[in-house]
Each structure stands twice: as structure tokens, then as C-alpha cells.
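[1] Provided below are the primary sequence and the corresponding predicted coordinates.
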Amino acid sequence: MWLTKLVAFSLLVAVATAEQKKLSPHASTLADSSVRLAFDLYHSMAKEKDLDNLLISPVVVSSSLGLLHLGGQSSTAAQVKKVLHVDKVSDEQLHAGLSELLSEVSNSSARNVTWKIGSRLYGPSAVTFTDAFVQSSKKHYNCEHAKINMKDKQGAVKALNEWAAHTTDGKLPEITKDVEETDGAIIANAMFFKPHWDEKFHHQMVDNRAFLVSRSFTVSVPMMHRTGFYRFHEDKENKLYVLNMPLAHKKSSMIFIMPFHVEPLERLEKLLSRKQLDTWISKLEETAIALSLPKVGMEVSHKLQKHLGELGLTEALDKSKADLSKVSGKKGLYVSNVFHASALEWDTDGNPFDTSIFGSEKMKNPRLFYADHPFIFLVKDNESDSILFIGRLVRPKGEKMRDEL
Ligand SMILES: *[C@@H]1O[C@H](CO)[C@@H](O)[C@H](O)[C@H]1NC(C)=O
Ligand SMILES: *[C@@H]1O[C@H](CO)[C@@H](O)[C@H](O)[C@H]1NC(C)=O
Ligand SMILES: *[C@@H]1O[C@H](CO)[C@@H](O)[C@H](O)[C@H]1NC(C)=O
């Protein structure tokens, strides 16, 4: 009896492992380093004053860093590995690993998730890219190359924004209003991400509700509602909820971290670390949840150069120190701007599921997860553990409802 069970179990394991394409060891190392980068960057950015919504893709930032390593020499290149915490990884493995990771996690057809990613390196008019650099950066990072005439600043900004709009099917019409430093190269990422839930919402279970940006400022947003079984944890000590929502095929999940009540997110952000996230995840338990989420889009564009500088990437961004001679065959080029822009759309779309759960006894008294105030969220890959996105929704688009003192 136990033998048949054992055989059946082994078969199951064999099927599961055959389906899951394992990442190579160096891609796993880079997946791990993208997680460290996620928290490093988030904390650096959260210090920025007047920044409300935040949205970054650590995996894509890692690939921009990989691009700089490809174009860099000596200490300019070495700094990239430091920022990624991969000093011991060989150059070859760095690029192969990042490339494998990115193509694995962004495979829309395998994952049934919309994720359009555009990456471009803009060089000033005088620069000529070497063939070797163009080829290798295309191969590893899907990076396009273009020249931009910064003497015509308005035209340059327009070209950047038109490229972003085109890359994202119009979801991200603007990544910047201005370019401050006009003598360097520009790295730009433009993305559109739309999660496809493992279990969809009913498209009619949507209505307008109040979202409390703060205690005194409320906007009206459409909210989508459903009940279901989700992995959930109530952290009573820290007064917050953690909820895991699987995306299609359970290859990744969106994890929400939300305080019990409306409050500035600083308190949660102080807690936010890789270790704490792992602790929260380990405490998640399958729970019947009555869930309400804003059905909104967010478009966020960040200038990352200052933050990458804070993490130790100083040379590539410094005119007097940069050695990016593998980009053009000679010194003199530096990176003046790193635009990282994404549009994210929360919607009802997802896979059909077994609706008989609604009749079940366990679904009778669901816990409430009502996301009507600012929260932090992550998209975490189930296989590589890498973080595809990390962000916070503080101020959704919507009509102002109330503004009291
Ligand atoms: C995406 O995954 C599918 C399998 O689902 C595979 O056939 C295809 O080659 C992958 N594409 C890339 C770019 O890796
Ligand atoms: C996800 O799968 C559904 C059902 O097969 C399909 O209709 C939808 O277009 C897919 N979406 C993406 C982004 O692959
Ligand atoms: C990760 O994938 C496994 C196998 O498909 C699945 O059982 C599990 O629920 C997934 N985890 C999450 C957090 O989605």
C-alpha cells in the first residue's frame, strides 16, 4: 500500500520537476542579487520627498546594470558587480545569468501575464557605438540603441516619450518632462505590466469607493471585489496584513503588505527587509478572504541615477571618472540619466476557477482585506524567488472626494 503511494508520489515529483524549467546556478545567483537590489533601491527611493507612488522592477534595473558592465572597463565595470553583490561571479556568467533570468521571468506566453519591456540606450549625437557592444547588449539585454540630439532638448524629450508610448502600446505616454544633464548617455526602461490573476474577479463586481490617501484626503476609485481562498497573515504586533495573490499558473504572486488602518507607509517601510518578508511569507495561511482591490492603473517614472549612486554606482554616472569605452571605443562617455518607467494595470482579468468554493462551509466567515488605503506590494517569482516588481500605491488616480482639516 505505502509502496503504491510512494510510486505515485515519485511520479508526481517527476512530473512537477519536468515542468519546472530550473534556472542555471548563475541565473539563480543573479535572481538572488535582484532581491537585495529590490530592498536597497526601495529604501533609497522611499527617502525621496514628495514621492508618492513607487514602482520599480529590480530584475530590469539589474539588466540595466548589466548593460553598464558590458560597456564599462576597470573600476567603472567593477562597481556594477559591487552594487549587484556579485563580485565573485565571472563576467561571462554575469551576463548569461542576467539574460537567462530576464527572459525566463518576462516570458509572457509561458506566464500568461502581459509584461512589455523596452530598454534603450541613447547616446549623444557624437557617439558611435561599437558593433561588439551593440550585438552583445542586444543579445543579453534586448537593448536597442539610438542617438539623441540634446541640443534640441524639446525634441529629445519628445522622442523619448514617443518611444515609451510606442513600446507600451500607449500605456505610458510620458516618462519625463525634462532632461537635466544633456551631455551624457541616457538609459531608459519603459514597461507595461498587467497581472492576469490565477483566479479572476467578476467584471461586474466593481463599484466606486473611497480610497483614503490620508486621513483627510480621499479620492474616488473603482474597486473590484470577490471572495476566495488566499494565503494571508495578520501581523498583530506590527498591525498589518499580508496577502498573497497568485498570478496565472501560479508562476508568480502579487504580495500586498497593508497597515490595518490608513497611515503614512514609513512605519511599514522601516520594517521592510528581505528577512522580514521571508518571515511574513512563512506565516501565510490559506484563509477565506473577502477581498477588495482598487481597479486602477498607475504610471510611474523614476530617475534612478541618484539612487544607483547611493548604492555605490558612482563612476558610470560621473563625467570625470566614467570609463564606458567599450560602448564607443573611447573614453569620454558617461551616463547622465537613468529613466525607469512603468505602467501597471490592476484589472479583473484572470483564469476561471472552481466556483463551488462559494458554497463551502469554510467560506462562511471570510476575513476582510479591504485595500482602501496606501499599501506596499511586490510581484515575486515563484520559481526563481526574484522580485519582478516592488512598489507602493499611495495616491491612485481618481476624483477628490473630501479634503478636510
Ligand atoms: C517562453 O516559453 C515557451 C514555453 O511555454 C517557450 O516555448 C518559449 O521558447 C519561451 N520564450 C522565450 C523567449 O524564452
Ligand atoms: C492568458 O490566458 C487566457 C486564457 O487562455 C487568454 O485569453 C489571455 O489572452 C492570456 N493572456 C496573456 C497575456 O497571455
Ligand atoms: C508556487 O508553485 C507551486 C507549484 O505550482 C504551487 O503549488 C504554489 O501554490 C505556488 N506558490 C505561490 C505562492 O503561488
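    Noted; the coordinates are in hand. Since the structure is predicted, the reported quantities are computational estimates derived from the model, not experimental observations. Numbering: from 1, shown residues only. Ligands and ions are numbered 1, 2, ... in the order given.
[2] name the residues that touch the helix or strand hosting Ser109?
    If you go by DSSP states H and E, Ser109 is part of helix 108-111. Applying C-beta atoms under 8 Å, 6 or more residues apart in numbering, the external contacts of helix 108-111 come out as Val105, Thr114, Trp115, Leu247, Ala248, His249, Lys251, Ser252. Yep, even glycine has a C-beta here, placed from its N, CA and C like the rest.
[3] and it, does that touch ligand 3?
    No: Helix 108-111 lies apart from ligand 3 when judged by C-beta under 6 Å from any ligand atom; the minimum separation is 12.2 Å.
[4] the helix or strand that comes right after that helix near ligand 2 anywhere?
    Where DSSP H and E defines the elements, the next helix or strand beyond helix 108-111 is strand 114-124. Yes: counting by C-beta under 6 Å from any ligand atom, contacts between strand 114-124 and ligand 2 involve Thr114.
[5] can you tell me the strand partners of strand 114-124 and which way each runs?
    Here strand 114-124 is paired, per DSSP bridges, with strand 143-148 (parallel), strand 185-194 (antiparallel).
[6] burial count for the residue in the stretch 151-300 of the chain positioned nearest to ligand 2?
    Here the residue of the stretch 151-300 of the chain nearest ligand 2 is His196; by C-beta to the nearest ligand atom that distance is 5.2 Å. Residues near His196, counting by other C-beta atoms under 10 Å, number 17.
[7] also Phe201?
    Neighbours of Phe201 (other C-beta under 10 Å): 21.
[8] can you show me the CA trace of the helix holding Ser109 as PDB?
    What follows is helix 108-111, C-alpha atoms only, in PDB (Å, rounded to 0.1, in the frame of the first residue of the first chain):
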ATOM      1  CA  SER A 108       4.500  36.400 -21.500                       C
ATOM      2  CA  SER A 109       3.300  33.300 -23.300                       C
ATOM      3  CA  ALA A 110       4.600  30.900 -20.700                       C
ATOM      4  CA  ARG A 111       3.300  33.000 -17.800                       C
END
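[9] any idea which of the strands paired with strand 114-124 scores lowest on pLDDT?
    Note on the strands paired with strand 114-124: strand 143-148 shows the lowest mean pLDDT, a mean of 94.
[10] would you mark the buried spots in it?
    For strand 143-148, the neighbour count (16 or more other C-beta atoms under 10 Å) marks Cys143, Glu144, His145, Lys147, Ile148 as buried.
[11] could you check how far the fourth one is from Ser34?
    If I follow you right, that is Lys147. 30 Å (C-beta to C-beta, to the nearest Å).
[12] repeat that for the last one.
    Here the criterion is C-beta to C-beta. By it, Ile148 lies 28 Å from Ser34.
[13] want to throw the strands paired with strand 114-124 into CSV with distance to ligand 2?
    CSV is the format used below for the strands paired with strand 114-124 (distance: least, C-beta to the nearest ligand atom, whole Å):
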stretch, distance to ligand 2
strand 143-148, 23
strand 185-194, 7
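[14] what's the closest of the ones you listed to ligand 1?
    strand 143-148 (15.5 Å).
[15] could you pull out the helices in the stretch 151-300 of the chain for me?
    153-167, 266-271, 274-283 (DSSP state H, counting those that start in this stretch).
[16] so which of those is the most packed in?
    Comparing these by mean neighbour count (mean count of other C-beta atoms under 10 Å), helix 153-167 ranks first with a mean of 17.
[17] for that helix, list the C-alpha coordinates in CSV.
    Only the C-alpha atoms of helix 153-167 are listed here, as CSV (Å, rounded to 0.1, in the frame of the first residue of the first chain):
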residue,chain,number,x,y,z
LYS,A,153,16.1,69.5,-25.8
GLN,A,154,12.4,69.7,-26.5
GLY,A,155,12.8,67.4,-29.5
ALA,A,156,14.8,65.0,-27.3
VAL,A,157,12.2,64.8,-24.6
LYS,A,158,9.5,64.3,-27.3
ALA,A,159,11.5,61.4,-28.9
LEU,A,160,11.9,59.7,-25.5
ASN,A,161,8.3,59.9,-24.7
GLU,A,162,7.2,58.8,-28.1
TRP,A,163,9.4,55.8,-27.8
ALA,A,164,8.0,54.9,-24.4
ALA,A,165,4.4,55.3,-25.7
HIS,A,166,5.1,53.1,-28.7
THR,A,167,6.8,50.4,-26.6
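[18] and that helix with strand 185-194, angle?
    Interaxial angle, helix 153-167 versus strand 185-194 (axes from the mean of the first three to the mean of the last three C-alpha atoms, to 10 degrees): 30 degrees.
[19] so what does helix 153-167 touch, helix or strand wise?
    Other helices and strands packing on helix 153-167, by 3 or more C-beta pairs under 8 Å, 6 or more residues apart in numbering; DSSP states H and E, are strand 114-124, strand 143-148, strand 185-194.
[20] mind redoing it with 10 Å?
    strand 114-124, strand 143-148, strand 185-194, strand 297-303, strand 335-345 (3 or more C-beta pairs under 10 Å, 6 or more residues apart in numbering; DSSP states H and E).
[21] I'd like the average pLDDT over it.
    Rounded mean pLDDT across helix 153-167 is 95.
[22] contacts made by that helix with the rest, please.
    116-120, 122, 124, 144, 146-150, 152, 170-180, 182, 186, 188-192, 299, 301, 337, 339, 341, 343 (C-beta atoms under 10 Å, 6 or more residues apart in numbering).
[23] buried only: go through the residues you listed for me.
    Among the contacts of helix 153-167, those scoring as buried are 116-120, 122, 124, 144, 147-148, 150, 171-172, 175-176, 179, 182, 186, 188-192, 299, 301, 337, 339, 341, 343 (criterion: 16+ other C-beta under 10 Å).
[24] can you tell me if the longest strand along the chain touches ligand 3.
    Across the chain, the longest stretch assigned as strand under DSSP state E is strand 217-235. No: against ligand 3, strand 217-235 shows no contacts by C-beta under 6 Å from any ligand atom, the least distance being 6.6 Å.
[25] tilt between that strand and helix 274-283?
    Using the same axes, to 10 degrees: strand 217-235 against helix 274-283 is 70 degrees.
[26] distance from strand 217-235 to the middle of the chain?
    Averaging C-alpha positions (C-alpha atoms, centre = their mean, to the nearest Å) puts strand 217-235 20 Å from its chain's average.
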